[in-house]
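# Take this sequence and fold it.
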Amino acid sequence: MNKNEILRYSDNDLKEFEAVVNKKLAEAREQLEYYLNQISEFGQSDAGKVRGLDDSNSTVEQERMINLAGRQKKLIQHLENAQSRIQNRVYGICRETGKLISKERLLAVPHATLSIEAKQRMK
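Predicted coordinates:
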């Protein structure tokens, strides 16, 4: 590590990242609510209550919604963890290399915990 290497993002950078994370989190929560409403509506509909052997399409669609809701829950957890890292001022530090993750990567994937370099090494 050289003397001039930055070890963490500035408070201004962290505020910028926090805004991005908060926006993504709000969008993810809204999407999760949509999926949960779809699942609930399906369960309350006549089609959901009376299933015949030929009703595989609706079952597949319900399973798809359940899977999508599960993925959204994981994304929300990752984004909430990112919020914690911002509060603790360790956001953007690669968990494998200890170096800063590029700003471009964090803006694209705000819950990233690995730099591109570390992610490629894991393959």
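# The lengthiest helix in the chain: which residues count as buried?
For the chain, the helix with the greatest residue count under DSSP state H is helix 11-44. By neighbour count on 16 or more other C-beta atoms under 10 Å, the buried set for helix 11-44 is 13-14, 17-18, 21, 24-25, 28, 31-32, 35, 38-39, 42. Backbone N, C-alpha and C define where each C-beta goes, glycine included.
# Next SSE downstream of the helix-or-strand element of the chain with minimal mean pLDDT?
Every helix and strand of the chain was ranked by mean pLDDT, DSSP states H and E. The lowest is helix 46-49, at a mean of 52. Using DSSP states H and E, the helix or strand that follows helix 46-49 in sequence is helix 56-87.
# and E5, what helix or strand is that in?
According to DSSP H and E, E5 maps onto no helix or strand at all.
# which regions of the chain sit below the pLDDT cut-off?
1-4, 45-57 (pLDDT under 70).
# Find the centremost residue of it, please.
Geometric centre of the chain, nearest residue: L75, 2.6 Å, by C-alpha atoms, centre = their mean.
# That residue contacts H111, correct?
Yes - using C-beta atoms under 8 Å, L75 makes contact with H111 at a distance of 7.4 Å.
# about what we covered before: quickly note the distance from the residue nearest to the centre of the chain to K119.
Distance of L75 to K119, computed by C-beta to C-beta, to the nearest Å: 18 Å.
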